[in-house]
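# just coords:
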């Protein structure tokens, strides 16, 4: 049995990060619904062969949502998203470029120009950020920097803005 929902969420986020990581880098944003595995297997017993039968109590299964953007920007797509009650949470994987803090003062104030400056800067770093939330408010995120893929950073407060946007998709 997983100790609590936070542990179950962290395990689900790590599973998604490993799954997405097997496909390498330079991927589009990917969104996954989190469903309690026991409930999923009860509703669809034919998935038992695919998912296996040995899952700790409280385990979540992730179900990828194909083309969730619908041509919209990431935050706009999230603002239009709502999950059914059977979804306990969700996980979003995004890749982003950033600059080490000593270069931030070089960035223009305009967000579009700043984005262009980061993407063309010779010192830019790229990371994969996987953020998950549950309806109950738990949050967890992990980040892997492309230049040092052996390092995995994680925590509940790693991506507060993205976590808040994901929580909003789950309703009240």
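Looks like it arrived, so ask away. This one's a predicted model, so the numbers in the text were calculated from it and none came from an experiment.
# Would you map the strands across the chain?
30-36, 60-65, 89-98, 125-134, 139-145, 152-155 (DSSP state E).
# For the fifth one, which outside residues touch it?
Residues outside strand 139-145 that contact it (Cβ atoms under 8 Å, 6 or more residues apart in numbering) are 6, 9-10, 13-14, 17, 21, 125-133, 151-160, 162-163, 167. In short, each C-beta sits where N, CA and C put it, glycine included.
# what do you get for the second one?
In this structure, residues lying in contact with strand 60-65 by Cβ under 8 Å, 6+ apart are 8-9, 11-12, 15-16, 19, 30-37, 40, 51, 88-89, 91.
# Check the first one too.
Residues lying outside strand 30-36 but in contact with it, judged by Cβ under 8 Å, 6+ apart, are 9, 12, 16, 20, 58-65, 68, 83, 86-93, 132, 134.
# which ones are touching the spatially most central residue of the chain?
When Cα atoms, centre = their mean is applied to the chain, the residue found nearest the centroid is residue 92 (2.6 Å). Taking Cβ under 8 Å, 6+ apart, we find residue 92 in contact with 29, 30, 31, 32, 78, 130, 131, 132, 162, 166.
# ok, the fifth one - how many residues close by?
This means residue 78. 20 (other Cβ atoms under 10 Å).
# which non-adjacent residue is nearest it?
In space, and not counting its chain neighbours, residue 78 is closest to residue 165: 4.9 Å by Cβ to Cβ, 6 or more residues apart in numbering.
# so the one you found touches residue 76, yeah?
No. Residue 165 is not in contact with residue 76 according to Cβ atoms under 8 Å; the separation is 10.3 Å.
# about what we covered before: show me which of the contacts of strand 60-65 are buried.
Neighbour-count burial (16 or more other Cβ atoms under 10 Å) is assigned, among these, to 8-9, 11-12, 15-16, 19, 30-37, 40, 88-89, 91.
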